[in-house]
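J.: Prediction below, plus the sequence it came from.
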Amino acid sequence: MTKNSGLESLLQALAEERGLDLRGYKRTTLARRIARRMTQVKLDDYQRYLEFIRKRPEEINQLLTTILINVTRFFRDPPAWDVLRKQVLPRLASHRGKPDSFRVWCAGCATGEEAYSVAILLAEHFGNELREHDVKIYATDQDEAALTTARHAEYPAEKVASIPAGWRQKYFRGDDNTVRVERAIRKMVIFGHSNLLEDAPISHVRLLVCRNVLIYFDTAAQQQILKRLEYALDPGGVLFLGSTESQLRRNNTFAPLNAKWRIFQRTGQSVAEPPHRRYEEETLRGLAGNELAVLRAYHESLLDSLEPGILIMDMRDAIISENASVARLWGTKEKLAGRLLPQSELARRCPELPKYLEQSRAGPKPETVRFEFAPARDRLLSVTVKPILSQDQAGQVGTLLYSEDITSREGMQGTVDQLQSTTEELQSANEELETTNEELQSTNEELETTNEELQSSNEELETTNEELQSLNEELETTNEEMAERSRQLDIV
Ligand SMILES: C[S@@+](CC[C@H](N)C(=O)[O-])C[C@H]1O[C@@H](n2cnc3c(N)ncnc32)[C@H](O)[C@@H]1O
């Protein structure tokens with residue numbers, strides 16, 4: 001059995017026999033973490049490790065603890081939190097949602113520092129009006145042990161050292177060794193166990209913080225989680241990812257608010273079934289006349305000279321004109337102008353197209369929608385559905401469909417994606433290093449304690465020694481006195 005198939009068999013057995021499904025996690029990370037645990041229990045073979053787990057059911061918890069790396073910090077990446085505080089929260093907070101509470105979800109909250117960071121920002125932002133806004137921060141993780149630490153809200157003092165002194169004094173109590181988050185802040189956060197791949201997401205969320213979690217999953221699992229996050233957020237809500245997480249680069253449902261710090265806004269697109277649109281035959285009525293025909297000739301020759309595919313529709317989605325590139329890019333055979341888009345060859349090739357048209361009109365304002373479509377195995381198009389507004393911008397008068405061949409760009413994108421996944425890989429390795437570092441530090445602390453104990457035993461021994469020495473001296477004096485007395489007695 002190869003190493004890879006050994007790992008796959010172990011993962012399958014864990015899922016089927018123990019209900020622990022780790023198959024969505026990146027294999028490289030899993031292989032490293034499981035190898036680490038196997039070394040701790042002195043095994044070097046997946047099959048033998050599986051037998052070990054079968055004999056010791058409690059080993060599952062140890063394995064899970066090794067796999068779920070919960071490195072975290074208060075206000076991790078401070079500049080990102082600054083953007084959230086200064087630019088994002090004021091906008092979010094001014095918009096009252098439904099239900100009328102300010103709901104936050106910290107998904108993958110580890111030991112709680114992130115959720116308390118959000119609570120501090122909101123307490124600062126709302127000040128005396130905090131109660132009126134009914135803030136609820138739901139913080140979830142799969143790691144029960146981490147959640148227990150989070151609920152206690154007690155941390156070593158050095159963990160809060162980088163928090164601004166004013167906030168430290170206001171929101172933490174304790175001494176030089178240990179601090180505890182203030183009760184008012186603790187009360188804002190509700191911790192709970194939830195597996196992002198399996199459990200129902202929280203709903204009607206206005207701010208969703210899911211940082212440094214997606215990096216541990218493979219692409220399919222990342223997409224699955226993103227779908228849940230998309231459902232959880234109300235339109236207009238904000239998603240805050242980790243600084244190396246770029247899974248939303250090409251996503252229609254999230255618009256970047258701050259691309260550098262991976263802060264996105266859920267756009268107001270509805271995915272409801274589009275209403276049936278009535279079509280009347282006289283599509284081009286009113287577009288007659290010689291003058292118009294000449295203008296049209298100019299317009300068409302201009303369109304035909306362009307490389308991208310361009311198609312223009314009126315408000316009933318009847319196609320007014322198309323350029324030659326449309327047929328070349330989409331591989332269509334029939335002439336499209338004069339037909340209704342949903343009944344045209346274009347929609348037969350891309351059945352999703354009418355849905356995107358509806359999406360661009362679903363919100364309070366018409367919006368541009370982008371998506372990708374492969375009309376052939378070796379061709380990928382980037383398609384933009386762009387509302388055409390009237391001259392005074394008062395309303396929509398039609399729609400432009402713009403399509404561009406991005407096949408070669410995708411090739412480059414593959415390289416960029418590879419680089420991205422290497423970066424993610426590096427970060428997760430880095431976090432593992434941090435864990436190892438913390439473990440080393442705690443071993444070091446244990447050694448120091450042992451050392452201190454030895455030193456104090458040593459000191460005790462020295463004291464005893466000194467006591468013995470003084471006793472000895474006393475005995476010697478007594479001895480000398482006795483000898484003197486004996487001498488005097490001899491003389492007598
Ligand atoms: C590196 S920590 C990130 C903590 C925090 N969000 C931050 O950025 O500082 C990743 C967290 O994701 C959690 N996690 C991993 N898989 C999960 C899953 N399937 N469902 C929920 N949480 C998960 C881990 O337990 C861990 O606490």
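T.: Nice, thanks for sending it over. Just so you know, these numbers come straight off a predicted model, no measurement behind them.

J.: now the one residue in the stretch 351-492 of the chain that gets nearest to the ligand: how far from residue 100?
T.: Going by CB to the nearest ligand atom, the ligand is nearest to residue 431 of the stretch 351-492 of the chain, at 5.5 Å. From N, CA and C alone the C-beta is placed, and that goes for glycine too. Going from residue 431 to residue 100 by CB to CB, to the nearest Å gives 38 Å.

J.: Same question for residue 88.
T.: 20 Å.

J.: for residue 164, same thing?
T.: Residue 164 is 31 Å from residue 100, by CB to CB.

J.: what do you get for residue 33?
T.: 43 Å.

J.: Count the neighbours of residue 127 for me.
T.: By other CB atoms under 10 Å, the residues close to residue 127 number 7.

J.: What's the separation between it and residue 167?
T.: Going from residue 127 to residue 167 by CB to CB gives 13 Å.

J.: which residue ranges form the helices in the stretch 51-200 of the chain?
T.: Assignment of helices within the stretch 51-200 of the chain using DSSP state H, counting those that start in this stretch yields the ranges 59-67, 78-83, 89-94, 113-126, 144-152, 165-171, 183-186.

J.: Reformat those as JSON lines; add distance to residue 361.
T.: Converted to JSON lines, those look like this (distance: least, CB to CB, whole Å):
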{"stretch": "helix 59-67", "distance to residue 361": "46"}
{"stretch": "helix 78-83", "distance to residue 361": "32"}
{"stretch": "helix 89-94", "distance to residue 361": "24"}
{"stretch": "helix 113-126", "distance to residue 361": "35"}
{"stretch": "helix 144-152", "distance to residue 361": "44"}
{"stretch": "helix 165-171", "distance to residue 361": "45"}
{"stretch": "helix 183-186", "distance to residue 361": "43"}
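
J.: can you redo these as CSV with mean pLDDT, distance to residue 492 and mean neighbour count?
T.: Shown next, in CSV, are those (pLDDT from 0 to 100; distance: least, CB to CB, whole Å; neighbours: other CB atoms under 10 Å):
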stretch, mean pLDDT, distance to residue 492, mean neighbour count
helix 59-67, 91, 83, 17
helix 78-83, 97, 93, 16
helix 89-94, 90, 103, 14
helix 113-126, 97, 87, 22
helix 144-152, 93, 81, 17
helix 165-171, 97, 83, 14
helix 183-186, 96, 86, 15
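
J.: Need those helices in TSV (columns: distance to the ligand).
T.: As requested, the helices of the stretch 51-200 of the chain are exported to TSV (distance: least, CB to the nearest ligand atom, whole Å):
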stretch	distance to the ligand
helix 59-67	8
helix 78-83	10
helix 89-94	18
helix 113-126	5
helix 144-152	5
helix 165-171	18
helix 183-186	17
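
J.: closest one to residue 343 among those?
T.: With CB to CB, the closest approach to residue 343 among these belongs to helix 89-94: 41.6 Å.

J.: Can you tell me what sits against the closest one?
T.: 102, 121-122, 125-126, 133, 206-207, 237-238 (CB atoms under 8 Å, 6 or more residues apart in numbering).

J.: what's the span of stretch 187-205, first residue to last?
T.: With CA to CA, to the nearest Å applied, stretch 187-205 spans 18 Å between its terminal residues.

J.: And for stretch 313-321?
T.: Start-to-end, stretch 313-321 (CA to CA) is 7 Å.

J.: any idea of the mean pLDDT in that stretch?
T.: When pLDDT is averaged over stretch 313-321, the result is 87.

J.: swap in stretch 440-459?
T.: Mean per-residue pLDDT for stretch 440-459: 63.

J.: Stretch 261-279 too?
T.: pLDDT averaged over stretch 261-279 gives 56.

J.: Straight-line length of stretch 241-261, end to end?
T.: Start to finish, the residues bounding stretch 241-261 are 8 Å apart (CA to CA).

J.: Tell me how far that stretch lies from the chain's centre.
T.: 10 Å (CA atoms, centre = their mean, to the nearest Å).

J.: Likewise for stretch 161-174?
T.: The answer for stretch 161-174 is 26 Å, by CA atoms, centre = their mean.

J.: Alpha carbons of it, as CSV, please.
T.: Taking C-alpha atoms only, stretch 161-174 is exported to CSV below (Å, rounded to 0.1, in the frame of the first residue of the first chain):
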residue,chain,number,x,y,z
ALA,A,161,0.2,42.9,25.9
SER,A,162,-0.2,44.3,22.4
ILE,A,163,-3.8,45.6,23.0
PRO,A,164,-3.9,49.4,23.5
ALA,A,165,-3.4,50.2,27.2
GLY,A,166,-6.8,52.0,27.4
TRP,A,167,-8.7,49.0,26.2
ARG,A,168,-6.7,46.6,28.3
GLN,A,169,-7.6,48.5,31.5
LYS,A,170,-11.2,48.9,30.4
TYR,A,171,-11.9,45.4,29.2
PHE,A,172,-9.6,43.0,31.2
ARG,A,173,-9.1,42.3,34.9
GLY,A,174,-6.2,40.4,36.5
